[in-house]
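>>> Could you work out the structure for the sequence below:
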Amino acid sequence: MKRDRRWMGLILCAVVIALVSFVWVNRAMAADEETVVGMVIKTERGIIIEADDGDYLVKGKDLSKMVGKMVEATGVITEGGKGETIEVKSVEEIKE
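From the prediction side, this is the model:
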């Protein structure tokens, strides 16, 4: 009986730790997301979003049908040797 309670306690602790870790990781990932507003342009490097603060190489979504359009893209921005890249999670066309 004591052994069963001990195992149940360990299992409960493991579940709580897993849930807390999951929530913490999701919040950390969401905190890294940024929004970029700019024009979608096709270049020799690939599709970019040309924003006021610089150009972002697009990864994660195919924006080829949005070339020439203003968009608001949300995603994770990373800096590399070839400039900044945005891993797009969501994108909306800005209609004026």
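
>>> going forward, measure contacts between C-alpha atoms and count neighbours the same way
Noted.

>>> Could you list the buried residues of the host helix or strand of residue 38?
In this structure, residue 38 sits in strand 33-43 according to DSSP states H and E. Buried residues in strand 33-43, counting neighbours by 16 or more other Cα atoms under 10 Å, are found at 33, 36-42.

>>> Check stretch 83-96 too.
85-88, 91.

>>> And stretch 45-54, by the same measure?
Result for stretch 45-54 [16+ other Cα under 10 Å]: buried residues 47-51.

>>> could those be laid out in TSV, adding distance to residue 6, secondary structure and pLDDT?
As requested, the buried residues of stretch 45-54 are exported to TSV (distance: Cα to Cα, whole Å; DSSP: H, G, I helix; E, B strand; the rest coil; pLDDT from 0 to 100):
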residue	distance to residue 6	secondary structure	pLDDT
47	57	strand	96
48	56	strand	96
49	56	strand	97
50	59	strand	96
51	58	strand	95
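
>>> where do the strands sit along the chain?
Assigned by DSSP state E, the strands in the chain fall at 33-43, 46-51, 54-59, 70-80, 83-93.

>>> thinking again about what came up before, if we take the buried residues of strand 33-43, which one ends up nearest to residue 72?
Distance to residue 72 across the buried residues of strand 33-43 (Cα to Cα) is lowest for residue 37, with 4.5 Å.

>>> My understanding was that that closest one contacts residue 75; is that so?
No. Look at residue 37 against residue 75 with Cα atoms under 8 Å: they stay out of range, at 11.5 Å.

>>> Cool, thanks, signing off.
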